[in-house]
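S.K.: 3D model of this:
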Amino acid sequence: MRFYSNYKIDLNEEYPCPCRRKGRLLPIILTEAMGCDRCQQIFVVTDTGKEIEQLSSVYPYKRRWRWNGKSWVSQGMWGVETSLPLLVWVTLVLLIISIPLVIRFTGGTTLFFAMMIGLILILFSFSFWLNYRR
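M.R.: As a prediction, this is how the structure comes out:
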């Protein structure tokens, strides 16, 4: 897991465009926004001042980036570093809790119910991953 320094974004400085084009982010006068001189995208600095959000976007979720001092790092819904480990831990905890319960409360069909619980948890994890991936 990587930890990034908390750099505040200065609206008076120029930054490279996070859209992977060779543009520069320039401050827009009288606003707290920055615009790219190459791709014409507008980015707004968040309330904390440490991230930017793409203002006009065709994506259903707002795209965010954090400045690490050298380049932009894309941020997911909870951040890039936390979504996959959270998914793995939730799945493991649910498996550890559900399998002993199935074994305790079922009679001769324990294997069938254990496989069904495992399949449901795998489907839950897969749908979670599909919803919150980039």
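
S.K.: domain-wise, how is this structure divided?
M.R.: As recorded under automatic domain parsing, the domains making up the chain are 15-75, 83-132.

S.K.: around the nearest residue to residue 7 once chain neighbours are set aside, how many other residues sit close by?
M.R.: In space, not counting the residues next to it along the chain, residue 7 is nearest to residue 67; the distance is 4.8 Å by Cβ to Cβ, 6 or more residues apart in numbering. Heads up, the C-betas are built off the backbone N, CA and C, glycines and all. Residue 67 has 22 neighbouring residues, counting by other Cβ atoms under 10 Å.

S.K.: and the helices in this structure?
M.R.: Remark: helices of the chain, listed N- to C-terminal, are 83-105, 110-132; assignment by DSSP state H.

S.K.: mind checking which of these is nearest residue 55?
M.R.: In this view, the helices of the chain are compared for proximity to residue 55 by Cβ to Cβ, and helix 110-132 is the closest at 22.0 Å.

S.K.: average pLDDT across the closest one?
M.R.: Mean pLDDT, helix 110-132: 74.

S.K.: alpha carbons of it, in PDB - could you do that?
M.R.: Written as PDB, here are the backbone C-alpha positions of helix 110-132 (Å, rounded to 0.1, in the frame of the first residue of the first chain):
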ATOM      1  CA  THR A 110     -23.900 -29.300   4.500                       C
ATOM      2  CA  LEU A 111     -21.700 -29.400   1.500                       C
ATOM      3  CA  PHE A 112     -24.400 -28.200  -0.800                       C
ATOM      4  CA  PHE A 113     -25.300 -25.200   1.400                       C
ATOM      5  CA  ALA A 114     -21.600 -24.300   2.000                       C
ATOM      6  CA  MET A 115     -21.100 -24.300  -1.800                       C
ATOM      7  CA  MET A 116     -24.200 -22.100  -2.200                       C
ATOM      8  CA  ILE A 117     -23.000 -19.600   0.400                       C
ATOM      9  CA  GLY A 118     -19.500 -19.500  -1.300                       C
ATOM     10  CA  LEU A 119     -21.100 -18.900  -4.700                       C
ATOM     11  CA  ILE A 120     -23.300 -16.100  -3.300                       C
ATOM     12  CA  LEU A 121     -20.200 -14.500  -1.700                       C
ATOM     13  CA  ILE A 122     -18.200 -14.700  -4.900                       C
ATOM     14  CA  LEU A 123     -21.000 -13.200  -6.900                       C
ATOM     15  CA  PHE A 124     -21.300 -10.400  -4.300                       C
ATOM     16  CA  SER A 125     -17.600  -9.700  -4.500                       C
ATOM     17  CA  PHE A 126     -17.700  -9.700  -8.300                       C
ATOM     18  CA  SER A 127     -20.600  -7.300  -8.400                       C
ATOM     19  CA  PHE A 128     -18.900  -5.000  -5.900                       C
ATOM     20  CA  TRP A 129     -15.800  -5.000  -8.000                       C
ATOM     21  CA  LEU A 130     -17.700  -4.200 -11.100                       C
ATOM     22  CA  ASN A 131     -19.500  -1.300  -9.500                       C
ATOM     23  CA  TYR A 132     -16.500   0.300  -8.000                       C
END
